[in-house]
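>>> Return atomic coordinates for the entry below.
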Amino acid sequence: MNTIQRNAPCLIVLVGSPGSGKTTWARRNGDTAIHVSQDDLIDAITPGGFDPASCAVYRAAEDAIARAALSAGHSVIVDRTNRTRAHRERWLQLGREHSCPAIAVVMQTSEELCRERNSQRDDRRRLSDERMNRMLAAFEPVHPDEGFASILIECEEITKKEREFHEYCYETR
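Residues are numbered from 1 along each chain as shown. I've put the predicted structure just below:
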């Protein structure tokens, strides 16, 4: 999937651990879609970082943006971990409400690489080891019976040695 079709609105639900490449995938593939990023909304709503007391506000903002975009005929990429079936059901329901297909894009990235990427994030976006452990432990694989029109698997496994060897490839992306 190189880019999202301009004439067929859909809801793309990214699924993966923190640091698995969801935001990178959205930027590479979603030039015509509305990007609903949990991290970006947290930054906009609470510039000091994640605040558990603001979770309802984050959720309402995500829902409002996605609903408005789908109502206007835009495709939407939901960029958050969507790590459990219950988290994903929220988006499937939204797709049904707007009669548009929901597609899961599952990022299969090793825990080691996710942790490495997390350690390289700036302070306000870096998860503590404890929180990362909780999120990784809570991950539930996407099952065909959940109701997605398609489930795409993205493998972004590349070792540190391969990255160093092919460094020039990553600079242009």
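
>>> From here on, just use CA atoms for contacts and neighbour counts.
Fine.

>>> next helix or strand past the longest helix seen in the chain?
As assigned by DSSP state H, the longest helix anywhere in the chain is helix 55-71. If you walk from helix 55-71 toward the C-terminus, the next helix or strand you reach (DSSP states H and E) is strand 76-79.

>>> could you check the angle helix 55-71 makes with whichever helix or strand comes after that next one?
Toward the C-terminus, strand 76-79 is succeeded by helix 85-97 as the next helix or strand (DSSP H and E). Orientation of helix 85-97 against helix 55-71 (axes from the mean of the first three to the mean of the last three C-alpha atoms, to 10 degrees) gives an angle of 30 degrees.

>>> So which bits of the longest helix of the chain are buried?
Neighbour counts using 16 or more other C-alpha atoms under 10 Å place 58, 61-63, 66-67, 69-70 of helix 55-71 among the buried residues.

>>> any low-confidence regions in this structure?
The chain contains residues with pLDDT under 70 at 1-7, 156-173.

>>> What segments of it are strands?
Across the chain, reading from the start of the chain, the strands by DSSP state E fall at 11-15, 34-37, 76-79, 102-108, 150-155.

>>> picking that back up, from the buried residues of helix 55-71, which is closest to Ser20?
Lowest distance from Ser20 to the buried residues of helix 55-71 (C-alpha to C-alpha) belongs to Glu62, with 20.5 Å.
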